[in-house]
Each structure stands twice: as C-alpha cells, then as structure tokens.
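Student: sequence first, then the predicted structure:
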Amino acid sequence: MKRFLQMATIVVATMASSAQAQNYQTGLADLTIADTAGQRDLEGFVWYPTTETEELSEQHSNQVWAGIKAIKDARPAAGQHPLVVLSHGMYGNAMNQSWLASALAQRGYVVAAINHPGTSTWARDAEDARQMWQRPKDVSRVIDHLLATSDLSEHIQPDRIFMAGHSLGGFTAMALAGGRYDAKAFGDFCDGRPGELVCGIFANWNVAQTPDDIATMSADLSDPRIKAFAVFDLGGTQTFSSESLGRIKTPMLIFGAPRDIEATGIDLDVESRALVAALPKPSVTYLEPANLAHFDFLGECRPNGLEILKQEEPDDAFICIDGATERRALHAMIIDEVAVHFARQ
C-alpha cells in the first residue's frame, strides 16, 4: 500500500508539472543583492513564470553555448510559487544551469542563481575563495532577499523553498542541509590520499587553515527553510562529519556522473556514493545514469561549440563532448526528476 501511495504521488506530481509547463513562459530579471558592509555583493538572475508571450527572445547564449527563450522583466504570473535557489560549481557562474531554471519556471517555480564571489567565472579573488563558508550563506541571503525585499516577494511560497547545486554547489547544498565541516577527519582523509581533488583545491585556496577559519567553517550553516535538495555530482563529501550527514532527514535527490571521471578527478566512491551511504536511507533518491558526465549539468553546446573550444580553449574542449543532442536528452531527464522530486514535498 505504501508503494502504491508513493507511485500515485509521483504520477500526480508529474501530471501537475506537465500541466504547469504548458501554462507559463519564462520571465527573466537581473538579481543584485548588496552587502551592507560592502564586502560581498551578489549578482545573478531570477527566472520566474509569466503568462506574457510577447518579446520572447534568446538569452544567455554565445558562440559556444545555446541559450534559453525568455522574456526580460516580464510581469510575474499571478499567485504564489515555490522557490528554487541554484549554486554553480567551481569557477562556474549563474548561467550554468539556466536550462534547468527556465524549465522549472515554465513549471511554475521562481528560480534564482548568483555568482559566488571567489569561486565564479569572473570573480576569483583568493580571499573570497578562502572563505568557503560564505557559499551557503550566499544562498541564505538570496532567500532572505527574495522573501522580503524583492519585486517577487509576494509571488513566493515561503514554505516551499528548495535548492540545487552542481559540483562545489553540491558541497554548498550539503552545508545548507546540515553537513558540518570536520577538520580532523578531512585532514586524515587527505593525509591518506594526497592526490584527491578536493584536498588539493582546499589546500590551494587556504580553506580552514587557521583556528579561527576552522571554527567558522565548522559552524552550523544549515538553513531549515529549505525543504528539499537536488545534488549534482558533488565534490567535498569527505569534508563533512559522518555524524552530521547521518542526521540529515531533508529529502535528497543525488546524481552521480560516472562517465569521463578521468577528466574531472571526481571519484564517485568518495563523493556521491559515499554521500548516499552516509545519509539516512529514507531521505535519499540516488541516480547514476551510465551516460551522464560531470559537465552535462552545464548548458547545451551549440553544434560547432566543440570545434570553437578546440581552437580557442583546447584544454576545456572536453566539456562540449557529446554536449548537443546527447546532452539535451540528459537535460530533459534531469528536469523531470528534479521537478518530480520538488513537487513531492
């Protein structure tokens, strides 16, 4: 009977998502959140449902990346809508999951993403990168702003807030869910695996290298307003204490990406699979499609995007391998899974 009820919930959620996708276009607006101390201003975008249909145009595109269709500064659809906050990966940016944000907006969600200072494409300041604890705080600031002072405040359901993160954004998600940094356990792990990707990144960025930084990094950075998470091929599982992960009951949709792991250095056995093993089983849905690669969570590449990268950025060209038709199909699957996961809550 329980299994039947679960399946019925999924069917209803899927039908609801499909119906919403037919009702809305994507509205798009710039997002700016000033820091009163002037130290960490945040900039990004917010995607939201609109019933307007005029002035639909391509956004967030260039010669390499396909964009989305959206209406700039459109009037939001009437009523209140769930909120999703996205967090990009290392040296990514707020446009990386624009494909997901637009699809969720068409299903009735307000979606926000910002460029994390220090770890984004155009902001790589070493001092900002060192303060890794600021990443989850950035997400909480986005929620604060959108609920209280933005033009969309009256259109957001405060009891239906969700979050999704890719790669380092997945680390950010787990901190917001209640994962607590464990300096000793992480140090022991890195001593035994000196070539591990996250160990090298944290060392290069001087993350948690002083007693004060360790204390700040180890604090509770969770945000109980977030009712469910989607985690996309994260890095950083071993930074969290197993005890804190074992206490997380918030529903989790976790994707592991097994294809082309030699290009990223992300070992699923110490990342996504280890995370799933540490979390309470009732809270987790784990998916590991054999054809899913780490950079399939970025946007869809244009047909000639791979050739452009081979000529202009050859070291990065691999991010567009199978990045057009194949990635489009994976995006459709991810969108459906995320929409159903959030609609269940």
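Tutor: That came through fine.
Student: tell me how many other residues crowd Ile143.
Tutor: Using other C-beta atoms under 10 Å, the number of residues around Ile143 comes to 20. Heads up, the C-betas are built off the backbone N, CA and C, glycines and all.
Student: thinking it is in contact with Ile114, fair?
Tutor: No: Ile143 lies out of contact with Ile114 (C-beta atoms under 8 Å); the separation is 11.3 Å.
Student: joint contacts of those two?
Tutor: Common neighbours of Ile143 and Ile114 are not found (criterion: C-beta atoms under 8 Å, 6 or more residues apart in numbering).
Student: which residue ranges of the protein form helices?
Tutor: 2-23, 98-106, 126-130, 134-148, 168-177, 183-192, 197-204, 211-217, 242-246, 261-264, 272-278, 305-312, 325-344 (DSSP state H).
Student: buried deepest among these, which one?
Tutor: Mean neighbours per residue, mean count of other C-beta atoms under 10 Å, is largest over the helices of the chain for helix 168-177, with a mean of 28.
Student: angle of that helix against helix 134-148?
Tutor: Counting by axes from the mean of the first three to the mean of the last three C-alpha atoms, to 10 degrees, helix 168-177 lies at 70 degrees to helix 134-148.
Student: OK, contacts around the nearest residue to Glu196 once chain neighbours are set aside?
Tutor: Nearest residue to Glu196, sequence neighbours excluded (C-beta to C-beta, 6 or more residues apart in numbering): Cys190, at 6.3 Å. By C-beta under 8 Å, 6+ apart, the contact set of Cys190 is Glu196, Cys199, Ala203.
Student: repeat that with 10 Å
Tutor: Neighbour list for Cys190: Glu196, Val198, Cys199, Gly200, Phe202, Ala203, Gln238, Thr239 [criterion: C-beta atoms under 10 Å, 6 or more residues apart in numbering].
Student: and it, what's its pLDDT?
Tutor: On the pLDDT scale, Cys190 is placed at 96.
Student: what of Glu262?
Tutor: Glu262 is given a pLDDT of 81.
Student: cool, and Thr149?
Tutor: 79.
Student: same deal with Ala13?
Tutor: Per-residue pLDDT puts Ala13 at 47.
Student: now tabulate the helices of the chain in CSV and tack on distance to Ala77.
Tutor: Formatted as CSV, those follow (distance: least, C-beta to C-beta, whole Å):
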stretch, distance to Ala77
helix 2-23, 8
helix 98-106, 9
helix 126-130, 36
helix 134-148, 16
helix 168-177, 27
helix 183-192, 44
helix 197-204, 40
helix 211-217, 40
helix 242-246, 37
helix 261-264, 38
helix 272-278, 35
helix 305-312, 33
helix 325-344, 17
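Student: least reliable of these going by mean pLDDT?
Tutor: In terms of mean pLDDT, the lowest-scoring of the helices of the chain is helix 2-23 (a mean of 45).
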